[in-house]
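S.K.: Sequence and predicted structure below; questions after.
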Amino acid sequence: MAWRSSSFSSVFTRFKPHFLMVLAQIGYTFLYFITEASFNHGMNPHVYITYRHIVGGIVMLPFAYFLERKTRPKLTVALFLELFVLSILGVSLTLNMYFASMRYTSPTFIAAVVNTVASLTFIIAVILRLEVFDIRNARGIAKALGTLVSLAGVTVMTLYKGPVMKSVGHPLIQIAGKSTIHENWLKGSILTFASCITWSIWYIMQAFTLKRYPAQLSLTTWMSFLGAAQSAVFTVIIEHRPSDWMIGFNVDLWSTIYAGVVVSGLIIFMQLWVTEEKGPVFVTMFNPLATLLVAVVAYFVLGEKLYTGSIVGGVIVIIGLYMLLWGKDHDQESGAVGEQQICSPYDQKLETESKKISSAEREASLMRGEP
């Protein structure tokens, strides 16, 4: 019995990051539908971003304060500026561009393009030597091919529709309202691709920041509050109607609470933890799952059309994902190498200074006659 318990514990420990990332994609799937309902109801996207991160910061603040009170590093001016830039990349700039692009393109186009974040993150990580990549190694080839295969699957889902799947019956849920899209594919494409680039940089920057500020709860809280403040300033500049800031006891409120607590709070914290354990590329590899889950829920629950192209593309995406996971699984054995690669000159400087301080303290203790 003890052996079974120990075996289960070891398996859970090994696949804990995988499990957390699957949960995160399930959370993002529900976010898509409740956010769509809120926007169709008339919620301003930029106000929504501001409110949801205020909620996320308030929820995470007590956990960050009490649980990381003894382990949280001192916040210096340089570190605060780094958190400020991290909040711009991950919250105010990326999300505002992302939701603005919804006005000019289709949701299918955006969902497909966003899945390129994993490929972009992998490429940037390889360039910055954050990712172990050896084309002469079978696992290195698997990671490269897995990235390309996943991207090909997303492309198939977007460009190839195929025959419509037969409806399973009446939809269980109907989203009321009608979204307004002013088609401008050039502007929408630029905004979408730009948000993907900043999103990828944000994932990469998290890995560096966590080395200097290894407090995931506090980092999540800081990003929520700083991102909310930045988004509020941006929204005030472009939106001048006070009515946009009003929110009633309806789907707008519930979508804000869900997005703040679950997404901006819990999911971001999980992603930070997994980033520290497995790296930024591992986190982004699971993004295509949300696209598949959205298609499935939209078909069976909302009664939306499902094309065979989506099914074929989804299968290709899953194959690519498994190839990536198999290639990444070997990286745990090269953990020491990964840590050396992720350390910047600034980290090495801090480590050297820390050793000097510790040596000086020991010498002072000996001079005082202390053991």
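M.R.: Yep, that arrived.
S.K.: and the gap between residue 230 and residue 190?
M.R.: 21 Å (Cβ to Cβ, to the nearest Å). The C-beta positions use only the backbone N, C-alpha and C, and glycine is treated the same way.
S.K.: These two - which one has more neighbours?
M.R.: In this view residue 230 and residue 190 are compared by other Cβ atoms under 10 Å, and residue 230 has more residues nearby, 20 against 14.
S.K.: What lies in contact with stretch 309-317?
M.R.: 115, 149-150, 152-162, 165, 288, 291-292, 295 (Cβ atoms under 8 Å, 6 or more residues apart in numbering).
S.K.: For the stretch 51-200 of the chain, just list every one of the helices.
M.R.: Here the stretch 51-200 of the chain has its helices, by DSSP state H, counting those that start in this stretch, at 77-87, 93-101, 107-114, 116-127, 138-159, 185-212.
S.K.: Would you mind giving those helices as TSV with mean pLDDT added?
M.R.: Output for these, formatted as TSV (pLDDT from 0 to 100):
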stretch	mean pLDDT
helix 77-87	95
helix 93-101	87
helix 107-114	68
helix 116-127	82
helix 138-159	80
helix 185-212	88
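S.K.: So the closest residue to residue 277 other than its chain neighbours, which state does it fall into?
M.R.: Of all residues not flanking residue 277 in the chain, residue 17 sits nearest, at 5.5 Å (Cβ to Cβ, 6 or more residues apart in numbering). Under DSSP: H, G, I helix; E, B strand; the rest coil, residue 17 falls in the helix class.
S.K.: mind checking pLDDT for residue 17?
M.R.: We have a pLDDT of 91 for residue 17.
S.K.: picking that back up, please indicate which of the contacts of stretch 309-317 are buried?
M.R.: 115, 149-150, 153-158, 288, 291-292, 295 (16 or more other Cβ atoms under 10 Å).
S.K.: I'd like the residues you listed laid out as a markdown table, including distance to residue 88.
M.R.: Putting the buried ones among the contacts of stretch 309-317 into a markdown table (distance: Cβ to Cβ, whole Å) gives the following:
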| residue | distance to residue 88 |
| --- | --- |
| 115 | 23 |
| 149 | 33 |
| 150 | 28 |
| 153 | 31 |
| 154 | 27 |
| 155 | 30 |
| 156 | 34 |
| 157 | 31 |
| 158 | 29 |
| 288 | 26 |
| 291 | 26 |
| 292 | 30 |
| 295 | 32 |
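S.K.: how about those residues, which pair is most distant?
M.R.: Using Cβ to Cβ, the two most remote members of these are 149 and 295, lying 18.2 Å apart.
S.K.: Can you read off the backbone torsions of residue 68?
M.R.: phi -120, psi 20 (degrees, to the nearest 10).
S.K.: And stretch 197-208, how far out from the chain middle?
M.R.: The chain centroid and the centroid of stretch 197-208 are separated by 9 Å under Cα atoms, centre = their mean, to the nearest Å.
S.K.: same thing with stretch 144-158?
M.R.: The chain centre lies 19 Å from the centre of stretch 144-158; the measure is Cα atoms, centre = their mean.
S.K.: Tell me, how many residues neighbour residue 84?
M.R.: By other Cβ under 10 Å, the residues close to residue 84 number 15.
S.K.: Does the closest residue to it other than its chain neighbours fall in a helix, a strand, or a coil region?
M.R.: Nearest non-adjacent residue to residue 84, counting by Cβ to Cβ, 6+ apart: residue 226, 5.8 Å away. Three-state assignment for residue 226 (three-state DSSP): helix.
S.K.: Could I get the contacting residues of residue 226?
M.R.: By Cβ under 8 Å, 6+ apart, the residues touching residue 226 are 83-84, 87, 91.
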